Every structure is written in structure tokens, then in C-alpha cells.
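Asks: Just the structure for this:
(one chain, ligands or ions: 1)
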Amino acid sequence: MSRKIHLALHPYGVGGPGQHGLWKDPSVAKNSSTDINYYIQLAQAAEHALFDALFIVDSQFINATYPAHYLNRLEPLTLLSAVATHTRHIGLVGTASSTYNSPFNLARRFGSLDHISGGRAGWNVVTSFDTGTSRNYGLEEHLDYATRYGRALEAVQVIRGLWDSYEDDAFPADVERGVFLDPEKLHALNHTGEHFRVDGPLNLSRSPQGQPVIFQAGVSEEGRTLAAQVAEGIYAPGGSFEDAKAYYADIKQRTAAAGRNPDHIKIFIHGGPIVRGSDAEAQRRAREIFDEDSDFAASLALLGRAFGAHDFSGYDLDAPFPDVAHLAERGGRTGAARIIERARAEGLSLRQVAQTFNEFRLSPFVGAPDTVADTIERWFAAGTFDGINLAFRNTEDLERFIDGVVPLLQQRGLFRTEYEGTTLRENLGLPIPVSRYTRDRNPVGA
Ligand SMILES: Cc1cc2nc3c(=O)[nH]c(=O)nc-3n(C[C@H](O)[C@H](O)[C@H](O)COP(=O)(O)O)c2cc1C
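Replies: Residues are numbered from 1 along each chain as shown. Have a look, this model is predicted:
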């Protein structure tokens, strides 16, 4: 098989949504989420195993009930800039909200990361899940879906325009002729759109990848449309084999319908492998982790997060699930709709709905190394993903995967045995975009 699997690493720090007990794990330092050495060491281990990228998720709203990792974590671009100077090959993908950032700022920050890392930067475009973020940015209300995703599309278009401000050879820096800049190779964008007015140019030359890689996360109709239009990578939830397969086919089809090559959008599903000496041992460990994470109050708070950080703790837990759909209209509407639908269909109380957040679901990638490699191969061959965004309970679990599963994937020709290139684009098999101005100057076939 010539298609290769891509692997990214999503660090949990002291524990994100659902990993309520992770911070108590004796092997997890209590300051992991803010310790740059934790990220550097993980990135180096992942790079040693030839992973494509380190993937940093983010949010900008909390209250005291939020997951431990969310309460106290580093800003992604700052974090990744530090990791860049301690790694050489691994891609560095950071999450940043198009809702609560200006395009000029994002273009500059991700362009800088691409320079610092020698062409390894990626931007995971999100529109922000937490409605309360608005009040950290001077807005009374979180923007609605249409506005958020409209803004996201325009932001990516503007940012790509800004990344083209300079052509590749804009700086002759010719001392003899006294020419630092060739002004013909500098272009202002002069963009006026529905959401942004940006003149440009950006004060940063084209970076090693031409443009950092655009990722996207968000599974609504609007999110899928955005992905098909502009994304080169996706952080997708995964879920069941059938869900992942349907999502994959849908995105590839939408991307082709948008006039793009469907190979140029790499779909990464979330995966949490647990690898042990035998299947039974791995399954036992999965059950143990479930027990470590079981916490009803934390599950109730997590349920509230889907409804704009709504506090459900004062409700009658045994009454039918309350009518709170309107609270999710602007935030996590897609996930909330699924919760409400299930509550209605099964006649669940609030307590039962919160418990569904805490149900034992065995990850598909649990078992002895052979079993996990077999499952990965089967899912990959069936068209459920191009890559997996891997999250591990702790560093030892990452090492078990690297030592046990990665060599099997390599033996089967499913995973690289050396990096294809020096940039994230090369490793993902994505083209380096030519500057629009250079292209216009030298049209194909001219
Ligand atoms: C796998 C996955 C990862 C996500 N990661 C983030 C994240 O790190 N930060 C964030 O603000 N939103 C994240 N999102 C949320 C989306 O940006 C989006 O705002 C939210 O899911 C609501 O939009 P949707 O209904 O289109 O999914 C993620 C979504 C998915 C599916």
C-alpha cells in the first residue's frame, strides 16, 4: 500500500475533558500542563518515532469546574515556539480561534512559527466552543454559528493573502547595488470584506512552507463546509468505525465538490490507544482508567460545558432532562443536539444524561501491539482516516505505542521509516503553495 498513515500527538497534560482522574496519576507531574519541558520531551519522543506533528488544542474560558488541563495551561504559539527550538522534524500545530483573534495577528504569529521551526507550523482553525469566551473579549454574546464560520472563512482567506505579501525572492539584499528589497515583489492585500478590513502587507517574508498548514476542527454543517473550502488537515472526533467512515467519505466528497484534490485534506481522527502485553491486560487497564476517571460531579460540569458552561448542579437530577437547547445554540450545538436527541429518545433524566458522559466506551485501539496494529490497518484500509491524533494516558503509554505498534506499522509499509522532507507539508504530502503574485507573473504554460 503506498498511502501512509500519519500520526500526531495530542498531549493531555494533567487531563482534559473526561480525564477527571489523570492529574492524580503518580507518573503525571502536577505542573505538566504548564511545564515546557513536558512538551519538549513528548515532542522529542514523538519525533524520534517519526510522528508528523505535535498538536496543541486550546480554549480561552474557564470556571472552577473545568478540566484540570484547561484550568492552567500554556498559550499554544508560545509553547510551540519553545518546542521548535528543541526539535528538527516534527510538525507543530497550534489551535487558535478565528473568532477571538485578528487575521493580521494570526498571520504574523503562525508565519513567525514557520520561520522559527524551519517550515513546520500548522494552524488549527477553531471558532471557539465556550460561549463565555466572548466576555473575555469585550463582547456580550458569543457570535452565532453563521457569523463565526463566515468569519473563519474570511480570516483564512485574508491570512493566506497576508502570507503572500512578499514573493520568495523579494529580498535580494544586494550590498553592491544597495538593494535590500525589490519593491515589485511586495504586495499590499487591500482587503475589505464582511468581517475584516486589512490593508497589509504583512511585515514578514514568505516562510519555508510558503504558508503554514491549515487545520480545522468542528463537525457541524458549517464546520464541514469550511473544511472542504480551505482545510488541509482536520482534527475529527473519530468515534465508531461507521461514524469515522461516514465522516471521511463526506469530507472527501465535499472537498472534491469544492474543486479541490481530496488527497490534499488529511483527516486525523482522535485516538487513545492502550497497549499492553496481551489484549486482556490492555482491556483491564482501560477499565482501570475508566474507574480512575469516574466522577459524577465532574461529568455534570462537563455536560454543562456543552450548554455554555451551564451550572446543572442545582437541578433535580432525577427529573427529565431539562429544556436547555437554547443554551447551546451558539456554542457546542452539534454535540448538544446529539445529547438532547438521546435524552428524548431514551427518556433520560439529568442524572442519566450526565452518566452517559461517563459511560465505559472501549477505544478501538486497545490491546496487544499486534491487535492495535491490525485495527489501525483495518480502519485505515477502509477509509476512516488519513492520520490519527494520538492521546495517551501518560508518557509510558506513549512509549508502549512507539516501541510496540510503530515498528509493526512500519513492517507492514503503513508508516514511514524516515521523514519525507524537512517541512510539515512534505511529510503530510501537501503541496507548497506558490505565491499568487509569482503565479500571476509566470502563468502555467506561459
Ligand atoms: C476533534 C475536535 C477538536 C476540537 N478542538 C478544539 C479546540 O482545541 N479549541 C476550540 O475552541 N474548539 C475546538 N473544537 C470545537 C470547534 O472549534 C467548534 O467550535 C465546536 O465544536 C462547535 O462547532 P461544531 O458544531 O462545528 O463542532 C474541536 C472540535 C473537534 C471536533
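Asks: Can you give me every residue that contacts the residue nearest to Ser102 when sequence neighbours are not counted?
Replies: Setting aside the residues directly before and after it, Ser102 is nearest to Phe196 in space (CB to CB, 6 or more residues apart in numbering), at 7.6 Å. Every residue, glycine included, has its C-beta placed from N, CA and C. Applying CB atoms under 8 Å, 6 or more residues apart in numbering, one finds that Phe196 lies in contact with 102-103, 151, 154-155, 158.
Asks: Could you do Ser165 as well?
Replies: 186-189, 200-202, 204, 206.
Asks: quick one: which two of those residues are the most distant?
Replies: Greatest spatial distance among the contacts of Ser165 (CB to CB): Ala188 and Arg206, at 15.2 Å.
Asks: In terms of neighbours, single out the busier of those two.
Replies: More crowded of Ala188 and Arg206, by other CB atoms under 10 Å: Arg206, with 25 against 13.
Asks: and that one, what does it touch?
Replies: Arg206 neighbours (CB under 8 Å, 6+ apart): 163-168, 170, 435.
Asks: what helix or strand is the residue nearest the centre of the chain on?
Replies: Against the mean C-alpha coordinate of the chain, by CA atoms, centre = their mean, the closest residue is Tyr235 at 4.5 Å. Tyr235 belongs to strand 233-236 when assigned by DSSP states H and E.
Asks: That strand: partners in the sheet, and parallel or antiparallel?
Replies: Note on strand 233-236: by DSSP bridges, its sheet partners are strand 213-216 (parallel), strand 266-271 (parallel).
Asks: returning to that earlier point: quick one: which of the contacts of Arg206 has the most company?
Replies: In terms of neighbour count, Trp163 stands highest of these at 26 neighbours, by other CB under 10 Å.
Asks: Name the SS class of the residue in the stretch 301-446 of the chain that the ligand sits nearest to, please.
Replies: Per CB to the nearest ligand atom, Thr334 is where the stretch 301-446 of the chain lies closest to the ligand, at 3.3 Å. Applying DSSP: H, G, I helix; E, B strand; the rest coil to Thr334 yields a three-state assignment of helix.
Asks: OK, contacts around it?
Replies: Thr334 sits next to 218-220, 223 when contact means CB under 8 Å, 6+ apart.
Asks: confidence score at Gly331?
Replies: As predicted, Gly331 sits at a pLDDT of 81.
Asks: what's the answer for Met1, then?
Replies: As predicted, Met1 sits at a pLDDT of 48.
Asks: one step back: which of the strands paired with strand 233-236 sits most buried?
Replies: strand 213-216 (a mean of 26; mean count of other CB atoms under 10 Å).
Asks: before we move on, back to that, dump the contacts of Thr334 into JSON lines; add secondary structure, distance to the ligand and pLDDT as well.
Replies: Converted to JSON lines, the contacts of Thr334 look like this (DSSP: H, G, I helix; E, B strand; the rest coil; distance: CB to the nearest ligand atom, whole Å; pLDDT from 0 to 100):
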{"residue": "Gly218", "secondary structure": "coil", "distance to the ligand": "3", "pLDDT": "92"}
{"residue": "Val219", "secondary structure": "coil", "distance to the ligand": "4", "pLDDT": "94"}
{"residue": "Ser220", "secondary structure": "coil", "distance to the ligand": "3", "pLDDT": "94"}
{"residue": "Gly223", "secondary structure": "helix", "distance to the ligand": "3", "pLDDT": "97"}
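Asks: For those residues, give me a markdown table that also has distance to Pro273 and neighbour count.
Replies: Below are the contacts of Thr334 laid out as a markdown table (distance: CB to CB, whole Å; neighbours: other CB atoms under 10 Å):
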| residue | distance to Pro273 | neighbour count |
| --- | --- | --- |
| Gly218 | 24 | 24 |
| Val219 | 22 | 20 |
| Ser220 | 28 | 17 |
| Gly223 | 26 | 23 |
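Asks: Of those, just say which sits nearest to Ala286.
Replies: Distance to Ala286 across the contacts of Thr334 (CB to CB) is lowest for Val219, with 24.8 Å.
Asks: Ile234 is in contact with that closest one, correct?
Replies: No - using CB atoms under 8 Å as the test, Val219 is too far from Ile234 to be in contact (9.1 Å).
Asks: Show me what the longest helix seen in the chain packs onto, helices and strands only.
Replies: Longest helix of the chain, by residue count under DSSP state H: helix 145-163. The contact analysis (3 or more CB pairs under 8 Å, 6 or more residues apart in numbering; DSSP states H and E) places helix 145-163 against helix 103-117, strand 121-126, strand 191-192, strand 197-198, helix 221-230.
Asks: how does it look with 7 Å?
Replies: When contacts are defined as 3 or more CB pairs under 7 Å, 6 or more residues apart in numbering; DSSP states H and E, helix 145-163 packs onto helix 103-117, helix 221-230.
Asks: most neighbours per residue, which of those?
Replies: Of these, the one with the most neighbours on average (mean count of other CB under 10 Å) is helix 103-117, at a mean of 22.
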